[in-house]
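Colleague: Please find the sequence and the predicted model below.
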Amino acid sequence: MSQLDKVDAQIVDSLQADGRLSNAKLSERLEMSEATCWRRHKRLEELGVIEGYQATLNRRQLGGNVLAFVQITCTQHSEAATAEFERIIQASSRVLSCHNTTGEADFLLQVIARDLDDYSRFVEKVLRQLPGVSSIRSNISLREMKATSHLPVGELLGLSGS
């Protein structure tokens, strides 16, 4: 996005690190007026660069002890089957992310569950009921070494030093 500059990247980086940062603190941190900071912040929201704000939760503290990466291969690729697949996946709160991918599998899902029994029930009641599914391959995370949604804004924008 050529319409974003180094200051925009600094605003986004600061808000990624602390989404509760007040405009006053943000403007102080970036050494700009509150009005200018507020206008830039609102512009980033209007452009869709900032989609929303949320708390980062510890899944294990909330009982999400199983994290599975699930590869799904489908035999049906019709518009209707794909739409139904997407509707079911969108409606499932257990599916944290779903990607249509290249390679052997058609979809890669990230699924959370309380334990292996809970995950097994999810596979039986949801994944095996998806239209056109021919294969479900699960990889259970044994140890999470890195998990973030923090984007390297400066690198993505081609800006050095941000």
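Modeller: That came in fine, so what should we check first?
Colleague: What about residue 4, how many residues nearby?
Modeller: 19 (other Cβ atoms under 10 Å). To be clear about C-beta, it is placed using only N, CA and C from the backbone, and glycine gets the same treatment.
Colleague: I figured it hits residue 43, correct?
Modeller: No - judged on Cβ atoms under 8 Å, residue 4 makes no contact with residue 43 at a distance of 9.5 Å.
Colleague: contacting residues around residue 123?
Modeller: 136, 138 (Cβ atoms under 8 Å, 6 or more residues apart in numbering).
Colleague: And the strands in this protein?
Modeller: Secondary structure of the chain (DSSP state E): strands at 66-74, 95-100, 107-113, 133-140.
Colleague: Name the nearest residue to the most far-flung residue of the chain relative to its centre, ignoring sequence neighbours.
Modeller: Within the chain, the residue lying farthest from the chain centre (Cα atoms, centre = their mean) is residue 33, at 32.1 Å. Closest residue to residue 33 apart from its sequence neighbours, by Cβ to Cβ, 6 or more residues apart in numbering: residue 27 at 6.3 Å.
Colleague: correct me, but that neighbour touches residue 37?
Modeller: Yes - under the criterion of Cβ under 8 Å, residue 27 makes contact with residue 37 at 3.6 Å.
Colleague: Kindly state the domain boundaries assigned to the protein.
Modeller: As given by automatic domain parsing, the domain ranges for the chain are 6-55, 66-140.
Colleague: right, and these - which one's nearest residue 146?
Modeller: Nearest to residue 146 among the domains of the chain is domain 66-140; the distance by Cβ to Cβ comes to 12.6 Å.
Colleague: what's the first-to-last distance across that closest one?
Modeller: 7 Å (Cα to Cα, to the nearest Å).
Colleague: remind me which residues of this protein are low pLDDT?
Modeller: Across the chain, residues meeting the criterion (pLDDT under 70) sit at 1-2, 160-162.
Colleague: ok, 50 please
Modeller: 162 (pLDDT under 50).
Colleague: for it, what spans make up the helices?
Modeller: 6-17, 23-29, 34-46, 79-91, 116-125, 153-157 (DSSP state H).
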